[in-house]
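# kindly generate the corresponding structure for this input.
(chains A and B)
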Amino acid sequence: MKATPLSNCERRFLLRAIQEKKRLDGRQCYDYRNIRVSFGADRGCCIVELGRTRVLAQVSCELVPPKPSRPTEGVLFFNLELSPMAAPGLEPGRQSELLVLLNRLLERCLRDSKCIDTESLCVVAGEKVWQIRLDMHLLNHDGNITDAASIAGIVALCHFRRPDVSVQGEEVTVYTPEERDPVPLSIHHMPICVSFAFFHQGTYLLVDPTEREERVMDGLLVIAMNKHHEICTIQSSGVVMLLPDQILRCSKITAVKVAEITELIQKALENDQKARKEGGKFGFAESIPNQRITAFKMDSAAVDTNDVEEQAGEIIAKADPPSEVPVLHTPGTAQIGEGTESSWGDLEESEKEEAAEEEEGESEAAAFECEKVETEDTSTLRENKSDEPIVLSDSEEEEVVILEPQELPRKTRTQTSSKQENPSKKAFNKRRRKKRTSR
Amino acid sequence: MAVELEVADGQCRLRPFSCELGLLSRPDGSAAFLQGDTSVLAGLYGPAEAKISKELPDRAALEVLLRPKVGLPGVLERSREQLLRQTCEAVVLGVLHPRTAISLVLQVLSDAGSLLSCCLNAACMALLDAGLPLAALFCGVTCALQPDGTILLDPTARQEQEARAILTFAIASSDRKVLMATTKGSCSVEEMQQCLAAAQRAASTIFQFYRDSVRRRYSKS
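Residues are numbered from 1 along each chain as shown, chains lettered A, B, ... in the order given. Prediction:
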């Protein structure tokens, strides 16, 4: 799909509206869109909706050998993918600049801030550690992928439970969820990214830009902070030059926003935990609100399969019996039918006829003999090995050129599709046709 | 809304279905289909301008992408994409939109058994939501043949593992014709016909679910 370009009048309208302190969706400059977190049935799976931007996150774990330089630490792997359904311009498999920037920013936010305790992921020092893999997919792009992805990432990591492991000497036992309850990851703090978009050379600033606002912005400032007011990552990009007090102001706004978002995340995690413990229903099905007109649910339905056997029997009885019964050669090898007759067969027969005719008349050079032999193998070799000059042409009206010189007076004539051609001519035409198709 | 039919030994039950239409703002049509704990999100763009290399002169070029939740798409995803594409091409009236491209992207949200049939159902709902011209609707039904010969419809992941054979059918709404059939494991001809007959029965339930959800979507209250 091609991305729809932004028209000039849209651009002018957005910039003019921002100058008058108005946003398209009616928010204030420092307002966030509604954040909604829903959890799946698997542990470590969540979908975060930031307005209409939607990100899916899934955490999985695996036992692997550790990195040689860090034998006592677990391995973290982060991957954000922009699904082709998120926006028309996203192609599968294209490593765009935006994707690289987002991935790098999220890695710095989650890995370099040391929010996950990697030492606790070690099972056997130098041999086996847990590799925690976080996969994120952008499902709908309506701006501010960074914030949505960082929230989704940290929520999924908090929600995830890894299998319990016990080490006795050299033996490592990994318990299944039925044997022992899975264990949560050890997370020190929750870094959350907050994005600021700058317009009109840094004069106006908006928090949580939508996709349209992102297209017309001059620069972007991303600050990742946790609720203890520690800055985990800060990144400024674009063509805007920022003053120090602007950045300080942004960090103060970030502190307020992060506190709100962290509270929201904690509440969502608690609700899910409560639902799971009390045996209530959980998963994506429960997160779809009932009153939405676009959503519809159906309870478990029974299907009547009483007389399925009779119906099936009828169909088989009415059907034609298989025309060819398989012939079993050896266990595992069977043959059905014998295949159709080779279409080269006609050519070989006519070749033989021609050879018979040849022998009646003056015998042809050995070239024809080897030609005939090669015909039986493949027809393509024929043209290369023949000694006589062969003129090959696709034109139907061209004059026929002889292959057998001794029959010169008989064979020279324009090619027609008359049925009175004698067999040798027919063979020759067939050979010409064969040569044409095999070229 | 529960649909109650005659229960045969209580064995053949479909899991609770849910569907949400038009939940994504960017794609032309989108649908999330949930069968029990298996859920798939489908997003559809089209008919839109096609790349010159991909356009077909007489009809729309349909492309299907299936993305797993963890890891890169592999051979299994590619083969499922082909099955989905062939099923969709059989029903979409592509000749009404020549030289355009229709792009269907499916994202696995969770896999708890019967994934391919959930993908088929999500694809059909996305086609409906996008308003593409269709010759018929289609639905996906998975049957699991247990070692003792009993048929289970819409199996969970555990039931799939224990089954002797797993058959997935795509069934069209016109005369319950079979659009696609794929099997894993071995079964006899009679068993396959029985599974197919059971799948056609289940298809009626699923089509009724489609009707009800679309009716709700376009109702005024």
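# and for residue B:219, the neighbour number?
8 (other C-beta atoms under 10 Å in any protein chain shown). C-beta here means a position set from N, CA and C on the backbone, and glycine is covered the same way.
# how close does it sit to residue A:296?
11 Å (C-beta to C-beta, to the nearest Å).
# cool, and residue A:11?
40 Å.
# those two: which is more packed in?
Higher neighbour count among residue A:11 and residue A:296: residue A:296, with 22 against 13, using other C-beta under 10 Å.
# per-residue pLDDT of that one, please?
In this prediction, residue A:296 carries a pLDDT score of 85.
# equivalent analysis for residue A:155, please.
Value for residue A:155, per-residue pLDDT: 96.
# cool, residue A:427 as well?
For residue A:427, pLDDT reads 46.
# ok, residue A:228 - how many residues close by?
Neighbour tally, residue A:228, other C-beta under 10 Å: 11.
# sticking with it, tell me its helix or strand.
In the assignment (DSSP states H and E), residue A:228 maps to no helix and no strand.
# ok, now which ones touch it?
Residue A:228 is in contact with residue A:189, counting by C-beta atoms under 8 Å, 6 or more residues apart in numbering or on different chains.
# same check, this time on the one 10 residues further on
With contact taken as C-beta under 8 Å, 6+ apart, residue A:238 is in contact with A:198, A:217-220.
# now, which of the residues you listed sits nearest residue A:145?
residue A:220 (11.3 Å; C-beta to C-beta).
# what residue is smack in the middle of chain B?
Nearest residue to the geometric centre of chain B (C-alpha atoms, centre = their mean): residue B:120, 1.3 Å.
# and that one, that one's in a strand?
No: using DSSP: H, G, I helix; E, B strand; the rest coil, the secondary structure at residue B:120 is helix, not a strand.
# three-state assignment of the closest residue to it other than its chain neighbours?
Closest residue in space to residue B:120, ignoring its immediate chain neighbours: residue B:140 at 2.9 Å, by C-beta to C-beta, 6 or more residues apart in numbering or on different chains. Put simply, residue B:140 is strand when judged by three-state DSSP.
# how long is stretch A:166-185 end to end?
Using C-alpha to C-alpha, to the nearest Å, the end-to-end distance of stretch A:166-185 comes out at 16 Å.
# elements contacting the helix or strand in which residue A:266 is found?
Using DSSP H and E, residue A:266 maps to helix A:244-277. Under the contact criterion of 3 or more C-beta pairs under 8 Å, 6 or more residues apart in numbering or on different chains; DSSP states H and E, helix A:244-277 touches strand A:35-39, helix A:145-159, strand A:192-199, strand A:204-207, strand A:219-225, strand A:231-238.
# with distance to residue A:172 added, can I get these in a markdown table?
Putting the helices and strands packed on helix A:244-277 into a markdown table (distance: least, C-beta to C-beta, whole Å) gives the following:
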| stretch | distance to residue A:172 |
| --- | --- |
| strand A:35-39 | 30 |
| helix A:145-159 | 24 |
| strand A:192-199 | 35 |
| strand A:204-207 | 48 |
| strand A:219-225 | 35 |
| strand A:231-238 | 33 |
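# what average pLDDT does stretch A:52-59 get?
Mean predicted confidence for stretch A:52-59 is 96.
# please save the CA atoms from it in CSV.
C-alpha atoms of stretch A:52-59 as CSV (Å, rounded to 0.1, in the frame of the first residue of the first chain):
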residue,chain,number,x,y,z
ARG,A,52,-6.2,4.9,18.8
THR,A,53,-2.6,3.8,18.7
ARG,A,54,-2.5,0.1,19.6
VAL,A,55,0.5,-2.0,20.6
LEU,A,56,0.6,-5.7,21.4
ALA,A,57,3.4,-7.0,23.6
GLN,A,58,4.4,-10.6,24.5
VAL,A,59,7.2,-11.8,26.8
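# what lies in contact with it?
A:40, A:42-48, A:132-145, A:148-149, A:151-153, A:155-157, A:159-160, A:211, B:24-25, B:69-70, B:107, B:109.
# which of the residues you listed are buried?
Among the contacts of stretch A:52-59, those classed as buried by 16 or more other C-beta atoms under 10 Å in any protein chain shown are A:40, A:42-48, A:132-145, A:148-149, A:151-153, A:155-157, A:159-160, A:211, B:24, B:69, B:107, B:109.
# list the residues that contact the nearest residue to residue B:186 once chain neighbours are set aside.
Distance criterion C-beta to C-beta, 6+ apart; nearest residue to residue B:186, sequence neighbours excluded, is residue B:165 at 5.9 Å. By C-beta under 8 Å, 6+ apart, the contact set of residue B:165 is B:144-145, B:183-187, B:191.
# try it again with 6 Å
Shown in contact with residue B:165 (C-beta atoms under 6 Å, 6 or more residues apart in numbering or on different chains): B:145, B:185-187.
# ok, now residue B:83?
B:180, B:182.
# tell me the SS of it?
Assignment for residue B:83 (three-state DSSP): helix.
# measure it to chain A for me?
Using C-beta to the nearest C-beta, to the nearest Å, residue B:83 is found at 18 Å from chain A.
# what separation do you get for that residue and residue A:190?
Distance from residue B:83 to residue A:190, by C-beta to C-beta: 42 Å.
# give me the residue at the spatial middle of chain A.
Closest-to-mean residue, chain A, C-alpha atoms, centre = their mean: residue A:92 / 6.3 Å.
# burial measure for the spatially closest residue to that residue that is not a sequence neighbour, as a count.
Excluding its sequence neighbours, the residue lying closest to residue A:92 (C-beta to C-beta, 6+ apart) is residue A:84, at 5.1 Å. Counted with other C-beta under 10 Å, residues neighbouring residue A:84 total 25.
# next, count neighbours for the closest residue to chain B within the stretch 301-439 of chain A.
Per C-beta to the nearest C-beta, residue A:312 is where the stretch 301-439 of chain A lies closest to chain B, at 3.6 Å. When neighbours are counted by other C-beta under 10 Å, residue A:312 registers 20.
# name the helices or strands packed onto the host helix or strand of it?
Element membership of residue A:312, judged by DSSP H and E, is helix A:308-318. Here helix A:308-318 touches helix B:189-217, going by 3 or more C-beta pairs under 6 Å, 6 or more residues apart in numbering or on different chains; DSSP states H and E.
# is chain A within reach of the helix it packs on?
Yes: looking at helix B:189-217 against chain A by C-beta under 6 Å from any C-beta of the partner chain, the contacts come from B:190, B:193-194, B:197-198, B:201-202, B:205, B:209, B:213, B:216-217.
# now those in JSON lines, with distance to residue A:343 and pLDDT?
JSON lines is the format used below for the residues of helix B:189-217 next to chain A (distance: C-beta to C-beta, whole Å; pLDDT from 0 to 100):
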{"residue": "B:190", "distance to residue A:343": "38", "pLDDT": "88"}
{"residue": "B:193", "distance to residue A:343": "37", "pLDDT": "91"}
{"residue": "B:194", "distance to residue A:343": "42", "pLDDT": "91"}
{"residue": "B:197", "distance to residue A:343": "42", "pLDDT": "91"}
{"residue": "B:198", "distance to residue A:343": "45", "pLDDT": "92"}
{"residue": "B:201", "distance to residue A:343": "47", "pLDDT": "91"}
{"residue": "B:202", "distance to residue A:343": "47", "pLDDT": "93"}
{"residue": "B:205", "distance to residue A:343": "51", "pLDDT": "92"}
{"residue": "B:209", "distance to residue A:343": "52", "pLDDT": "95"}
{"residue": "B:213", "distance to residue A:343": "55", "pLDDT": "93"}
{"residue": "B:216", "distance to residue A:343": "60", "pLDDT": "92"}
{"residue": "B:217", "distance to residue A:343": "57", "pLDDT": "91"}
